[in-house]
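Peer 1: Could you work out the structure for the sequence below:
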Amino acid sequence: MADSDGEDPPLRDVSRTLAVLATADESPIEFMRACANAGIKPIYEPFWRHLSYADIYLSITPDVLHQLYQGVVKHLVSWIKAAYDPAELDARCCRMPPNHNVRLFTKGITSLSRLTGREHGDICRILLGLIIDMRLPDGLSSGPLVRAVRALMDFVYLAQYPIHSDESLAAMEDALQRFHDNKDTFIVLGIRTDFNLPKLHFLRHYLLFIYRFGTTDNFNTEYTERLHIDFAKEAYRASNRKDEYPQMTLWLERKEKVLRHERYVQWCENGRPPLHTINPIHSKHARHIRMSRYPSAKAVPFERLAERYGANDFRNCLARLITQHNHPGASRRELEELSALLPFAFRSVSVYHKARFWENTFSLYRHASDDYNVLHVTPSRLDKRGQEIPGRFDTALVNDGTGGSLGIKGK
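Peer 2: Predicted coordinates for the structure are as follows:
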């Protein structure tokens, strides 16, 4: 299985499997022996037996939720808990600063049980950072373990790409090979004796199924589980709990009509663009920014901006920005002179504590609503008990296109 580092064994032959299943008409002992020799379960009448054009062995597609997050990642987290000091792992979780799209496990991760796929995904975002410089017992080198964890994390995220290329598929294959090159560290640590795990072995077949059936978002069961909430649970709550099926069906039909009408109204408000121009394949890189309708704090004086928000010299910076906008061709010295003479008719501004934005990198792909990036700017304050809540000021890198070799473009 996952221990094999050579070439993969050939896929099963459906005709040979059917021949083995045909021995069910003989004695039960012979049938069970034939199935054991073929490596299949002794099932008398599989549902696919009479489907002439179906190959059941090519119909088991990858499942990101149950194979990766609830399978491989679940095993990996348990191995890391066994390799490192649980108290230190939990302490590192508690010391993590707040960050958008990163869940804070304030009580650690070692005591968690019955985790969902979403929680395993949240752990994946911090897992490598937790162990990057932790020491193993008995002075063992942590390099192979860190490389193995990184390789699996690379594979998990590469496998979820909405668009694949030959380079990304080669990167997936390389990540899996890097894991196999370093996985023996778990045997050295006494955590594993083998890696005969079906879900880990199935990672070898991801590339084949992506070539055959497309990207993994085409058959991820996470979407259907979400639809179970929308189509079953919410529909049931809308009923009176008596003879619920007709009510649930009617509720879903009405909801679909409301959604279709909402999209039509939105299309009309956008000027009724032709259908072929909606979501073009080669659209320009777009940035979506969302702000609240009302500011978090109104009429904040310039002096208070420096005291509570750390915005020192705000007035001069604002004057320089306005002058640069009004005189784009002015030199730096001229900008300084003009900004010093710029009068202000106000001494306070409104402050927004949060800005949400999303970078559209794939023209036909959009993340879920919770994948927006959020920039927080919140000063320290007192809670109801009079205890101080520390402020939060996220760092934002602004690419103005003038960085050159030292900019954030990484050239």
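Peer 1: which residues of the stretch 251-400 of the chain fall in strands?
Peer 2: 286-290, 297-301, 348-351, 354-360, 373-378, 381-382, 388-389, 392-393 (DSSP state E, counting those that start in this stretch).
Peer 1: For the protein, name the helix or strand with the lowest mean pLDDT.
Peer 2: Least confident element among the helices and strands of the chain, by mean pLDDT, DSSP states H and E: strand 286-290 (a mean of 72).
Peer 1: quick check, residue 210 in a strand?
Peer 2: No. Counting by DSSP: H, G, I helix; E, B strand; the rest coil, residue 210 is located in no strand; its state is helix.
Peer 1: who's in contact with it?
Peer 2: Neighbour list for residue 210: 62, 164, 169, 216 [criterion: Cβ atoms under 8 Å, 6 or more residues apart in numbering]. Every C-beta, even on glycine, is put in place using the N, C-alpha and C of the backbone.
Peer 1: Format the residues you listed as TSV; extra columns: distance to residue 384.
Peer 2: Putting the contacts of residue 210 into TSV (distance: Cβ to Cβ, whole Å) gives the following:
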residue	distance to residue 384
62	49
164	51
169	54
216	46
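Peer 1: Tell me the one among the residues you listed nearest to residue 43.
Peer 2: residue 62 (23.5 Å; Cβ to Cβ).
Peer 1: okay, now the closest one: neighbour count?
Peer 2: Close neighbours of residue 62, defined as other Cβ atoms under 10 Å, add up to 22.
Peer 1: which residues touch it?
Peer 2: Counting by Cβ under 8 Å, 6+ apart, residue 62 touches 159, 202, 205, 206, 209, 210, 216, 219.
Peer 1: buried subset of these?
Peer 2: For the contacts of residue 62, a burial check counting by 16 or more other Cβ atoms under 10 Å picks out 159, 202, 205, 206, 209, 210, 216, 219.
Peer 1: need the contact list for the second one.
Peer 2: Taking Cβ under 8 Å, 6+ apart as the criterion, residue 202 is in contact with 62, 67.
Peer 1: can I assume residue 163 is in contact with residue 215?
Peer 2: Yes. Under the criterion of Cβ atoms under 8 Å, residue 163 makes contact with residue 215 at 7.0 Å.
Peer 1: neighbour count winner among these two?
Peer 2: Each of residue 163 and residue 215 has its neighbours counted (other Cβ under 10 Å); residue 215 has more, 18 against 12.
Peer 1: so how far is residue 202 from that one?
Peer 2: 17 Å (Cβ to Cβ, to the nearest Å).
Peer 1: show me where pLDDT drops low in the stretch 301-411 of the chain?
Peer 2: Where the stretch 301-411 of the chain drops to pLDDT under 70, the residues are 359-371, 403-411.
Peer 1: let's see 80
Peer 2: Applying pLDDT under 80 to the stretch 301-411 of the chain picks out residues 358-372, 397-411.
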